[in-house]
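Peer 1: Model the following, please.
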Amino acid sequence: MRKNKIVVGCQWGDEGKGKIVDLLAAEADVVARFQGGANAGHTIVVGDKKYILHLIPSGIMHPGKECYVGNGVVLDPYAFKEEIDLLTDQGIDYKGRLWVSPATNLVLPYHKLIEDVEERSRGATNLDTTKRGIGPAYVDKVARHGIRVVDLLAPERLKKKLDYQKKIKTKYLEGSADERADIDRTYNELLELAELFRPLVVDVSLALRRAYDNGKTILFEGAQGCMLDVDLGTYPFATSSNTTVGGALTGLGIGLKMIDQVLGVVKAYTTRVGAGPFPTELVDETGEHLREVGQEFGASTGRPRRCGWLDMVILRHTVRVNGVDSIAITKLDVLDSLEEIKVCTAYELNGETIDQVPLDLTRLSQVKPIYRTLPGWQSDTTGTTSFDDLPLKARDYLNFIAHDLKVDIALVSTGAKRTETIVI
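Peer 2: Predicted coordinates:
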């Protein structure tokens, strides 16, 4: 029986969605990306080679799979070309199976300049963004004067829209020596890039519906994690799009009934990149141990990730708002050498114990985590492919998570490679 799945991150991103999507893509006919931009990196290990994709759906690594970039994405055309070149250099054929929605908004050089300026102006209260221009591109989209993929195919319209950008962004662009402020240069570069996009532009919403009607299995791929959702995450320390299930509906132009199953990806501990509240963060030797063993450095920026214990309060929130049916737990092997493992089961806020995130998410920075300590298994689980072959205490840890969240475990990742996975 066909099951169309959507993969969502259940923490602050970096949960290992790239590997999970890569695994599931083997069983799908179509993979569709619905939001975010080049501020997210999906790392895929195939054999001895590691690939990092920021915009092109992870399914492209599987021959014959159809891949779509939806209108909910903000696409950096320069970064997109770099990924196309990477695929070509590696002998991965994308032609005839990679398409982009004409309604996809573009991230252009001046968006990155604007983000740089705004981050500096915030001083100590900056959001610690990736500076990839994502926020300013979404601002233009919502303000209804963004540059879209379809504009690349109409040079005169593109020129008029870019000239309008000169007028409304004067305070950022006028007098700047930064080459990113040169919109005439950007126009000429986009004319060249237009030829790359011309054969890739299709009505993604219509294509997905036809694939669905023809009985094809579709995998919906998001970026970042639910706690970075602009509405339901730790606003303002969030991304600028909807990283939750709802983002797939608007970001691809699909109906709810096209999604049969929601798979949430959960790292066996918690990490986040950038500023913002993080109740279980560890700024000690254990946190550094998780960072080093887990190689917790951003795929997009290389920034070290903040590390901490698993937070069940956060997970209850993200499982609920996404309607998660089952979870994939990643990086279990990173915990192998620990004598004991703590799990946050509730918060203390102003003397009160709460087991859900505060109504005002800005108060998340004021909570104190309440921990339950579980015994570590102190045994190497790397590469384990059977649940029964895991140490008993590792199984107990996994079952504790599933029982608390009232969901099934579908996958457990025990290493970076495709083969280092337990399928349950």
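Peer 1: what about stretch 67-85, start to end distance?
Peer 2: Using C-alpha to C-alpha, to the nearest Å, one end of stretch 67-85 lies 17 Å from the other.
Peer 1: no wait, stretch 101-109
Peer 2: End-to-end distance for stretch 101-109: 21 Å, by C-alpha to C-alpha.
Peer 1: quick one: what helix or strand has residue 140 in it?
Peer 2: Assigned by DSSP states H and E, residue 140 falls within helix 134-142.
Peer 1: Show me what that helix is packed against.
Peer 2: Contact here means 3 or more C-beta pairs under 8 Å, 6 or more residues apart in numbering; DSSP states H and E; on that basis helix 134-142 packs against strand 74-75, strand 105-106, helix 109-122. Every C-beta, even on glycine, is put in place using the N, C-alpha and C of the backbone.
Peer 1: redo that, cut-off 10 Å
Peer 2: strand 74-75, strand 105-106, helix 109-122, helix 155-168 (3 or more C-beta pairs under 10 Å, 6 or more residues apart in numbering; DSSP states H and E).
Peer 1: I'd like the average pLDDT over the third one.
Peer 2: The average of the pLDDT scores along helix 109-122 is 90.
Peer 1: Sort out which residues of that helix are buried, please.
Peer 2: Residues of helix 109-122 classed as buried: 109-116, 118 (neighbour count, 16 or more other C-beta atoms under 10 Å).
Peer 1: report the angle between the axes of it and helix 155-168?
Peer 2: 20 degrees (axes from the mean of the first three to the mean of the last three C-alpha atoms, to 10 degrees).
Peer 1: relative to helix 134-142, how tilted is helix 109-122?
Peer 2: Helix 109-122 runs at 120 degrees relative to helix 134-142, counting by the same axes, to 10 degrees.
Peer 1: which regions of the stretch 51-200 of the chain lie under the pLDDT threshold?
Peer 2: Counting by pLDDT under 70, the stretch 51-200 of the chain shows no low-confidence range.
Peer 1: try it again with 80
Peer 2: For the stretch 51-200 of the chain, the stretches with pLDDT under 80 are 51-52, 123-130, 177.
Peer 1: Mark out where each domain of the protein begins and ends.
Peer 2: 5-100+202-262, 105-197, 265-423 (automatic domain parsing).
Peer 1: Give me the neighbour count for residue 93.
Peer 2: When neighbours are counted by other C-beta atoms under 10 Å, residue 93 registers 12.
Peer 1: can you check residue 89 too?
Peer 2: Neighbourhood size, residue 89 [other C-beta under 10 Å]: 8.
Peer 1: ok, it to residue 339 distance?
Peer 2: 45 Å (C-beta to C-beta, to the nearest Å).
Peer 1: Tell me where the stretch 251-400 of the chain has strands.
Peer 2: Taking DSSP state E, counting those that start in this stretch as the criterion, the stretch 251-400 of the chain carries its strands at 261-267, 270-272, 306-308, 310-311, 326-330, 340-349, 352-354, 368-375.
Peer 1: So which of the ones you listed is nearest residue 131?
Peer 2: Taking C-beta to C-beta, strand 270-272 is the member of these nearest to residue 131, at 17.0 Å.
Peer 1: Not counting its own residues, what contacts that closest one?
Peer 2: 11-15, 225, 227-228, 234, 237, 278-282, 287, 290-291, 294, 296, 298, 304-311, 314-315, 331, 344 (C-beta atoms under 10 Å, 6 or more residues apart in numbering).
Peer 1: how about TSV for the buried residues of helix 109-122, with distance to residue 387 added?
Peer 2: Shown next, in TSV, are those (distance: C-beta to C-beta, whole Å):
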residue	distance to residue 387
109	49
110	51
111	46
112	45
113	50
114	49
115	44
116	47
118	48
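Peer 1: Among those, which one lies nearest to residue 212?
Peer 2: residue 111 (33.6 Å).
Peer 1: I figured that closest one hits residue 74, correct?
Peer 2: Yes - distance between residue 111 and residue 74: 8.5 Å, which falls inside the contact criterion (C-beta atoms under 10 Å).
Peer 1: Just tell me which of the helices and strands packed on helix 134-142 ends up closest to residue 191.
Peer 2: Per C-beta to C-beta, nearest to residue 191 of these: helix 155-168, 6.2 Å.
Peer 1: contact partners of that closest one?
Peer 2: Here helix 155-168 has contacts from 106, 108, 110-111, 140, 143, 145-148, 150-152, 154, 172-174, 181, 183-184, 186-187, 190-191, 194, using C-beta under 10 Å, 6+ apart.
Peer 1: Follow the chain on from that helix and name the next helix or strand.
Peer 2: Toward the C-terminus, helix 155-168 is succeeded by helix 170-173 as the next helix or strand (DSSP H and E).
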